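Visitor: Provided below are the primary sequence and the corresponding predicted coordinates.
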Protein chains: 2
Amino acid sequence: MDPAIYDPSVPDGLGDHDTQDLISKTGDPELGRRYLIPARQGCAVRIKAGQILTLYNPKGNQVCDFFALIDGSESEFLSMEHCRTALGRIYVRECDVLVTNRRRPLVEFVEDSSPGVHDILIACCDHHRYQQLGAQGYHDNCADNFRRSLLAIGIKAKHVPSPFNVWMNIPVSLEGDYSWEAPVSKPGDFIRLRALEDAIFVMSACPQDMTPVNGIGVEPAELEFEINLEGTD
Amino acid sequence: MDPAIYDPSVPDGLGDHDTQDLISKTGDPELGRRYLIPARQGCAVRIKAGQILTLYNPKGNQVCDFFALIDGSESEFLSMEHCRTALGRIYVRECDVLVTNRRRPLVEFVEDSSPGVHDILIACCDHHRYQQLGAQGYHDNCADNFRRSLLAIGIKAKHVPSPFNVWMNIPVSLEGDYSWEAPVSKPGDFIRLRALEDAIFVMSACPQDMTPVNGIGVEPAELEFEINLEGTD
């Protein structure tokens, strides 16, 4: 489970579910079809430049760890540290253009029905994080969801990027301390993201249930998404 | 210079200097010897668990982009997003333990003679950044210094991590906006970092001269470092 030589593509565990057939063998979606991402699971989907992803938060309390890679050049991906440089801010919001680790515009944040509270500072949860929090045995995690969603469409992750944590609420004080708060999004909230290059979008319904990031007194929930041609939704 | 398929190990350009022989063919240092990192250049050095790096800022205005990788497992490296999670803060300071992308403690921030203003939010500068800032032709950059310093000791970078930007001054407002300010460090300031695993430390004397991050009205300057056994300095 913890080999000396780290291979970023290899999941730390298997959990009890299988993302293999969620979309299609290639990750190509049916346009306009509403897909479910079950609670605690992930999904990789191919999206063409110009197409729009709508990501829904049916219960309202659920965070999505969102990743995007250039299709065919997966070492280039959406990079939060490069986004912060490009934006001059440590938060993202509607109308922002998000960039890769080569500073290439990859995702346009077209629309946000929620109050606009998202995080781009915190690493995705992983096996080691849950062990440190006191989990017994394997705990589903966003790093493995990322790896396994990619493996399911034949891609080995070269790195687990820092995600765009949609709806994650991490307020930062003037002194630089932050806290882990429940999302302020409402049931049915959605965001729309336009792909600016042919890309692979990976979404993980964050299985974090040991801190308040997916709400207090509620279970981690499902997400839904669809992909549409520009302007047809 | 900008191939469709991104290989993180390949520099975007060559500049006019050569880091090949700075330390040794293997990157192993002579303990207690003071090494120079010339202005705008980088250096990779091997360090054993328990040994201490002292990094000097002779002119006081110079930022160091600092990276650390597990020796022999270079896909595991010091990760700023995992450090932020571990620390509960968006800044680092003396006594902090810094962790890898597998949440393993790798670097202890033992001592800081400077006022303690450093950055862990901003990506290292690269070719694309200077093009966006209006540079004509190739500009030295920390991403290429990282790649080339590793290549000089026979290692191909799998990813260019987000660095620990020592002495970089990026104050963040309560609204999340930040500004690019001159360092507040003084001539001769130093920091000491203890390696907690056998590691490769990579340091780049940041060649940024198109924003104020290396001071105003001064040129990017050199850095110096030495490595000592624990407690012998």
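Guide: Looks like it arrived, so ask away. Because the structure is predicted, anything quoted here is derived from the model rather than measured. Numbering: from 1, shown residues only, chains lettered A, B, ... in the order given.

Visitor: for chain A, what's the longest helix?
Guide: Longest helix of chain A, by residue count under DSSP state H: helix A:142-152.

Visitor: hmm, that helix in reach of chain B?
Guide: No: Helix A:142-152 lies out of reach of chain B by CB under 8 Å from any CB of the partner chain, never closer than 9.1 Å. Where C-beta positions appear, they are placed from N, C-alpha and C, glycine not excepted.

Visitor: and the contacts of that helix?
Guide: A:8-13, A:15, A:19-22, A:27, A:40-44, A:65, A:67, A:74, A:124-127, A:156-157, A:160, A:163, A:200, A:202, A:204-207 (CB atoms under 8 Å, 6 or more residues apart in numbering or on different chains).

Visitor: give the buried subset of those as a ChimeraX selection command.
Guide: Only the buried entries of the contacts of helix A:142-152 go into this ChimeraX selection, using 16 or more other CB atoms under 10 Å in any protein chain shown:
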select /A:8,11,12,15,19,22,27,40,41,42,43,44,65,67,74,124,125,126,127,157,160,163,200,202,204,205,206,207
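
Visitor: for chain B, see how far away the residue nearest to A:Trp180 when sequence neighbours are not counted is.
Guide: Of all residues not flanking A:Trp180 in the chain, A:Thr211 sits nearest, at 4.7 Å (CB to CB, 6 or more residues apart in numbering or on different chains). According to CB to the nearest CB, to the nearest Å, A:Thr211 and chain B sit 10 Å apart.

Visitor: so A:Thr211 makes contact with A:Leu133?
Guide: Yes: with contacts counted by CB atoms under 8 Å, A:Thr211 reaches A:Leu133, the gap being 7.4 Å.

Visitor: got the contact list for the spatially most central residue of chain A?
Guide: What sits nearest the mean C-alpha location of chain A, by CA atoms, centre = their mean, is A:Phe66, with 1.8 Å. Shown in contact with A:Phe66 (CB under 8 Å, 6+ apart): A:Leu55, A:Leu78, A:Pro163, A:Phe164, A:Asn165, A:Val166, A:Leu193, A:Phe201, A:Val202, A:Met203, A:Ser204.

Visitor: so where's chain A uncertain?
Guide: Where chain A drops to pLDDT under 70, the residues are A:1-2, A:16-21, A:231-233.

Visitor: one more time with 90
Guide: Low-confidence segments of chain A (pLDDT under 90): A:1-4, A:14-25, A:230-233.

Visitor: which residues in it form helices?
Guide: Secondary structure of chain A (DSSP H): helices located at A:80-87, A:127-133, A:142-152.

Visitor: roughly how far is the longest one from the heart of the chain?
Guide: Same thing as helix A:142-152. Centroid separation between helix A:142-152 and its chain, computed with CA atoms, centre = their mean, to the nearest Å, is 11 Å.

Visitor: same check on the first one?
Guide: The gap between the average C-alpha position of helix A:80-87 and the chain average comes to 17 Å, counting by CA atoms, centre = their mean.

Visitor: ok, residues contacting that helix?
Guide: Residues contacting helix A:80-87 (CB under 8 Å, 6+ apart): A:90, A:92, A:96-101, A:103, A:120-121, A:161-164, B:80-81, B:121-123, B:129, B:162, B:178.

Visitor: ok, A:Arg102 to chain B distance?
Guide: 6 Å.

Visitor: do you know how far that residue is from B:Ala4?
Guide: In this view, A:Arg102 and B:Ala4 are 11 Å apart by CB to CB, to the nearest Å.

Visitor: just the C-alpha atoms of stretch A:142-155, please, in PDB.
Guide: Provided in PDB are the C-alpha atoms of stretch A:142-155 (Å, rounded to 0.1, in the frame of the first residue of the first chain):
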ATOM      1  CA  CYS A 142     -10.400  11.900  -4.100                       C
ATOM      2  CA  ALA A 143      -6.800  11.100  -5.000                       C
ATOM      3  CA  ASP A 144      -7.800   7.400  -5.700                       C
ATOM      4  CA  ASN A 145     -11.000   8.500  -7.400                       C
ATOM      5  CA  PHE A 146      -8.900  10.600  -9.700                       C
ATOM      6  CA  ARG A 147      -6.400   7.800 -10.400                       C
ATOM      7  CA  ARG A 148      -9.100   5.200 -10.900                       C
ATOM      8  CA  SER A 149     -11.400   7.300 -13.000                       C
ATOM      9  CA  LEU A 150      -8.400   7.900 -15.400                       C
ATOM     10  CA  LEU A 151      -7.400   4.200 -15.300                       C
ATOM     11  CA  ALA A 152     -11.000   3.300 -16.300                       C
ATOM     12  CA  ILE A 153     -10.500   5.200 -19.600                       C
ATOM     13  CA  GLY A 154      -6.900   3.900 -20.100                       C
ATOM     14  CA  ILE A 155      -4.900   6.800 -18.700                       C
END
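
Visitor: about what we covered before: buried only: go through the contacts of helix A:80-87 for me.
Guide: Those of the contacts of helix A:80-87 that meet the buried threshold are A:90, A:92, A:96, A:98-101, A:103, A:120-121, A:161-164, B:80-81, B:121-123, B:129, B:162, B:178, by 16+ other CB under 10 Å.

Visitor: just the ones of the residues you listed in strands?
Guide: A:Leu98, A:Val99, A:Phe164 (DSSP state E).

Visitor: as JSON lines, those with distance to B:Leu174 would be great.
Guide: Formatted as JSON lines, these follow (distance: CB to CB, whole Å):
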{"residue": "A:Leu98", "distance to B:Leu174": "23"}
{"residue": "A:Val99", "distance to B:Leu174": "25"}
{"residue": "A:Phe164", "distance to B:Leu174": "22"}
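
Visitor: from these, pick the one nearest A:Tyr35.
Guide: A:Phe164 (18.9 Å; CB to CB).

Visitor: pretty sure that closest one sits against A:Asp96.
Guide: No: counting by CB under 8 Å, A:Phe164 sits too far from A:Asp96 to count as a contact (10.1 Å).

Visitor: quick one: which of A:Arg102 and B:Ala4 has more around it?
Guide: Between A:Arg102 and B:Ala4, A:Arg102 has the larger neighbour count (other CB atoms under 10 Å in any protein chain shown), namely 23 against 8.

Visitor: and the gap between A:Leu229 and chain B?
Guide: Note on A:Leu229: its distance to chain B, by CB to the nearest CB, is 25 Å.

Visitor: just A:Val110 next, same as before
Guide: Using CB to the nearest CB, we find A:Val110 at a distance of 21 Å from chain B.

Visitor: what about the residue nearest to that residue when sequence neighbours are not counted, neighbour count?
Guide: Setting aside the residues directly before and after it, A:Val110 is nearest to A:Arg192 in space (CB to CB, 6+ apart), at 4.3 Å. A:Arg192 has 17 neighbours, counted by other CB under 10 Å.

Visitor: count of residues packed around A:Leu106?
Guide: Around A:Leu106 there are 28 other residues, counting by other CB under 10 Å.
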